[in-house]
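*Asks:* here you go, sequence then predicted model.
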Amino acid sequence: MDFLGLGMGEIILIIIVALIIFGPSKIPEMARQAGKLMRTLKQTSSELTTQIQKELEEEEKAHLASSITASQKPTQPAPPQPPPLEVPKTGAAKQAGPAGGETLTTK
């Protein structure tokens with residue numbers, strides 16, 4: 001038997017030393033107090049775990065609700081694009097070029 005890295009002989013030695021130091025009348029009282037302490041720690045741990053789980057579930061529900069409402073919102077239509085500019089052909093650009101002697105050419 002291995003309890004907290006202690007063998008059976010070591011556990012018996014600790015019990016004998018405790019009996020010598022505290023006496024046989026104090027040992028049951030100390031065991032009851034240790035049991036109460038362990039029960040209190042276990043309850044506190046359980047309550048803390050429950051509270052954390054509830055908060056995580058609420059956070060997950062809020063996140064899920066926000067993502068659902070975001071996906072249900074109608075998307076904004078794209079703003080209208082201006083019609084594409086027509087580029088005249090090279091010959092037509094020379095004929096209808098801007099004033100001032102410049103000519104518009106395309107590659």
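*Replies:* Received, thanks. Residues are numbered from 1 along each chain as shown.

*Asks:* ranges for the helices of the protein?
*Replies:* For the chain, the helices defined by DSSP state H cover 8-22, 26-72, 90-95.

*Asks:* can I get the ones you listed in JSON lines including mean neighbour count and distance to Pro79?
*Replies:* For every residue, glycine as well, the C-beta is placed using N, CA and C. Below are those laid out as JSON lines (neighbours: other Cβ atoms under 10 Å; distance: least, Cβ to Cβ, whole Å):
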{"stretch": "helix 8-22", "mean neighbour count": "11", "distance to Pro79": "80"}
{"stretch": "helix 26-72", "mean neighbour count": "10", "distance to Pro79": "21"}
{"stretch": "helix 90-95", "mean neighbour count": "11", "distance to Pro79": "30"}
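
*Asks:* who wins for proximity to Pro83 among the ones you listed?
*Replies:* Among the helices of the chain, the nearest to Pro83 by Cβ to Cβ is helix 90-95 (18.8 Å).

*Asks:* what mean pLDDT does that closest one have?
*Replies:* Helix 90-95 comes out with an average pLDDT of 54.

*Asks:* need the helices of the chain in TSV with distance to Pro84, can you?
*Replies:* As requested, these are exported to TSV (distance: least, Cβ to Cβ, whole Å):
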stretch	distance to Pro84
helix 8-22	89
helix 26-72	33
helix 90-95	17
